[in-house]
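Chemist: only geometry, no sequence info:
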């Protein structure tokens, strides 16, 4: 998935654009703060897999930019925090 801009979720849906400009709807599950960064945990449709992307709030405070997380250790730690939050 590519970097994309979206409105900060007020409900549970985030729409990101893929590399071809097509909208992809993702269900927002949680925001995790880790080492000074915000990460958003999402899922697509009925999938059991989660997507973790870094969230940077834009200057307007109403929208955000989402970026791929390339560090496997960060992904694992954020996922672990997410799982513990469900207990």
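Modeler: Here it is on my side, so go on. Given the structure is predicted, the values throughout are model-derived calculations rather than measurements.
Chemist: Apart from its neighbours in sequence, what residue is nearest the most centrally placed residue in the chain?
Modeler: Geometric centre of the chain, nearest residue: residue 40, 3.1 Å, by C-alpha atoms, centre = their mean. Distances taken as C-beta to C-beta, 6 or more residues apart in numbering put residue 55 closest to residue 40, at 4.7 Å, once the chain neighbours are dropped. From N, CA and C alone the C-beta is placed, and that goes for glycine too.
Chemist: The one you found bridge partners, please.
Modeler: Bridge pairing for residue 55 (DSSP bridges) gives the partners residue 38, residue 66.
Chemist: what's it in contact with, if anything?
Modeler: By C-beta atoms under 8 Å, 6 or more residues apart in numbering, residue 55 lies in contact with 31, 38-40, 64-66.
Chemist: hmm, back to that, A strand includes the residue nearest to the centre of the chain, no?
Modeler: Yes - assigned with DSSP: H, G, I helix; E, B strand; the rest coil, residue 40 falls within a strand.
Chemist: doesn't residue 31 make contact with it?
Modeler: Yes - using C-beta atoms under 8 Å, residue 40 is in contact with residue 31, at 5.5 Å.
Chemist: pull the longest strand from this protein.
Modeler: Of all the segments assigned as strand in the chain under DSSP state E, the longest by residue count is strand 23-34.
Chemist: And that strand, what does it pack against?
Modeler: strand 13-17, strand 37-43, helix 72-86 (3 or more C-beta pairs under 8 Å, 6 or more residues apart in numbering; DSSP states H and E).
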